[in-house]
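Student: any chance you can model this:
(chains A and B)
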Number of protein chains: 2
Amino acid sequence: MGGGRASPVAGVALTGADVDFVAGLLDLRESQPLALHATARVLAQLAASPIFNVLDPRFVTRHELPLDREVSLLCPDGCPSGLVVEAFAVPGKVALYAEDGAAAPELGTLAGDAVGLRVGAGDRSFFYIPACAGMTASLAGRLRGADLVLFDGTLWHDEEMIALGLGTKTGARMGHLSVSGPGGTIALLAPLGIGRKIFVHINNTNPMILNDSPERAAAVRAGWEVAEDGMEITL
Amino acid sequence: MGGGRASPVAGVALTGADVDFVAGLLDLRESQPLALHATARVLAQLAASPIFNVLDPRFVTRHELPLDREVSLLCPDGCPSGLVVEAFAVPGKVALYAEDGAAAPELGTLAGDAVGLRVGAGDRSFFYIPACAGMTASLAGRLRGADLVLFDGTLWHDEEMIALGLGTKTGARMGHLSVSGPGGTIALLAPLGIGRKIFVHINNTNPMILNDSPERAAAVRAGWEVAEDGMEITL
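Tutor: Residues are numbered from 1 along each chain as shown, chains lettered A, B, ... in the order given. Predicted coordinates:
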């Protein structure tokens, strides 16, 4: 197929199966070559929803991301892209639409539902962790001394959805560490000696998303950036 | 739940289960009250893809649209909205992702996969038919003398996807009448005495989408408008 409306997206690596992470696949559609990388758990969720068959397997290849092992990201033709990725489980939960509706799911028990990615090229790498429900010794060890970390900035405060009357769940129940407070992301990542820290996946209830908010100022003072549409990062 | 990020969308009536028609449901999400109306065939496609369970049934009610019978569109609380809708089968096909991968599906055989809608309030009504693979005597009869018809403007020419190197399917195979030519939409709807005609669902390969194209000029000369983002229509 020609390039008349080609996309520059040659591959996708998923960090979970929640709508935030997978709904965009439906915009890529039918006949655009694409290499799709995800854990077995996430691939199973995609397979369970036939609507993702719009990603025609003649063009879109699905590849299982193992945990804790670096693999080459592929180009759509199957050749290595020059990028490597390592997926690792982070505290989190199964996708909302796959919850069984009864009790809240236990966080972090299903390895591969929520993962972080270390993406590398040559001797440089960065971490991409858009959903993370807690800090572990293992995760802290990975992030220590990293050049660049993009991290879950969903909520400023664990109860902000409730306080705003927009939901009944805490951030913890939703699978997210919050940014602020003594047990929050700013505090937890501060001692890890990370070169550059950028919040991503910011909810529209998080006041940090506003350029002129006190919360934004506090995040910046703490050495964080807040991602924005069209942002380009040079590693 | 409060109105802090409420949407004015109180209800949705679907004309098919193709990605174009249903992917937007995933942006409405979790706790926004919504009444969702669709045919049994389309509801079955939604039910088959668990990702649509993000539409929490405590907030999003699903209602079967019968064919050829006017029903009240409901508000999320179950009360009539003041709008009525009648769904009717039009020539079309099952959603792309639900094709069985073998032969091309026979058009129009599965009543309820592709429908048009007549939407009314008081003594005014309009037709919304964003995907239609052919004209039938029954459809022509419905549209004759209508105040307003919004109709499938996907392709200008049946083979334009092939000519541009962007696909291997004709418009007919994709389930769309084309706009131009002796068997096209402009010609077929011309004798029906319709008050106002607006093309919708216009593919990015259709040159009519460009304001300054000869095809746009031809459509306008033929008495058609071309829908645009944010368009408001007063009936």
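Student: every contact and neighbour count from this point should use C-alpha atoms.
Tutor: OK.
Student: any idea how far A:Glu86 is from A:Val12?
Tutor: 14 Å (Cα to Cα, to the nearest Å).
Student: name the residue in the two with the higher neighbour count.
Tutor: A:Glu86 (20 against 17; other Cα atoms under 10 Å in any protein chain shown).
Student: let me see the backbone angles for that one.
Tutor: Here is the backbone geometry of A:Glu86 (degrees, to the nearest 10): phi -120, psi 130.
Student: quickly list what it is bridged to.
Tutor: On the basis of DSSP bridges, A:Glu86 is bridged to A:Glu70, A:Arg118.
Student: what about A:His63, how many neighbours?
Tutor: 16.
Student: did I read that right, it in a strand?
Tutor: Yes. With DSSP: H, G, I helix; E, B strand; the rest coil as the criterion, A:His63 is part of a strand.
Student: confirm for me that it is in contact with A:Leu36.
Tutor: Yes. Using Cα atoms under 8 Å, A:His63 is in contact with A:Leu36, at 6.0 Å.
Student: tell me the contacts of the closest residue to A:His157 other than its chain neighbours?
Tutor: Excluding its sequence neighbours, the residue lying closest to A:His157 (Cα to Cα, 6 or more residues apart in numbering or on different chains) is A:Ser178, at 5.4 Å. Counting by Cα atoms under 8 Å, 6 or more residues apart in numbering or on different chains, A:Ser178 makes contact with A:153-158, A:171-172, A:184-185.
Student: how far away is A:Glu232 from chain B?
Tutor: Plainly put, A:Glu232 is 25 Å away from chain B if you go by Cα to the nearest Cα, to the nearest Å.
Student: in which helix or strand does that residue reside?
Tutor: For A:Glu232, there is no host helix or strand (DSSP states H and E).
Student: likewise A:Thr15?
Tutor: Applying DSSP H and E, one finds A:Thr15 in no helix or strand.
Student: got the contact list for it?
Tutor: Contacts of A:Thr15 (Cα under 8 Å, 6+ apart): A:21, A:38, A:113-117, A:129-131.
Student: and for the residue of chain A found nearest chain B, the neighbour number?
Tutor: Proximity of chain A to chain B (Cα to the nearest Cα) peaks at A:Ser49, 3.9 Å away. Using other Cα under 10 Å, A:Ser49 has 17 other residues around it.
Student: isn't it up against B:Ser49?
Tutor: Yes. If you go by Cα under 8 Å, A:Ser49 and B:Ser49 touch, sitting 3.9 Å apart.
Student: re earlier: let me see the confidence value for the residue of chain A closest to chain B.
Tutor: For A:Ser49, the pLDDT comes out at 96.
Student: residues in contact with it?
Tutor: B:48-51.
Student: who's the residue nearest to A:His157 bridged to?
Tutor: Applying DSSP bridges, one finds that A:Ser178 bridges with A:Leu155.
Student: per-residue pLDDT of it, please?
Tutor: 93.
Student: repeat for A:Ser72
Tutor: On the pLDDT scale, A:Ser72 gets 92.
Student: now the one 4 residues further on
Tutor: Reading off the confidence values, A:Pro76 has pLDDT 75.
Student: again, but for A:Arg216
Tutor: At A:Arg216, pLDDT is 97.
Student: what are the phi and psi values for the closest residue to A:Asp147 other than its chain neighbours?
Tutor: In space, and not counting its chain neighbours, A:Asp147 is closest to A:Gly195: 4.6 Å by Cα to Cα, 6+ apart. With angles defined as degrees, to the nearest 10, A:Gly195 sits at phi -70, psi -50.
Student: CSV please, covering the contacts of A:Ser178 and showing distance to B:Val200, neighbour count and pLDDT.
Tutor: Shown next, in CSV, are those (distance: Cα to Cα, whole Å; neighbours: other Cα atoms under 10 Å in any protein chain shown; pLDDT from 0 to 100):
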residue, distance to B:Val200, neighbour count, pLDDT
A:Gly153, 38, 28, 96
A:Thr154, 36, 27, 94
A:Leu155, 39, 27, 93
A:Trp156, 41, 26, 95
A:His157, 43, 19, 88
A:Asp158, 43, 22, 85
A:Gly171, 41, 20, 84
A:Ala172, 43, 17, 81
A:Gly184, 48, 19, 95
A:Thr185, 46, 23, 97
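Student: fine by me, thanks again.
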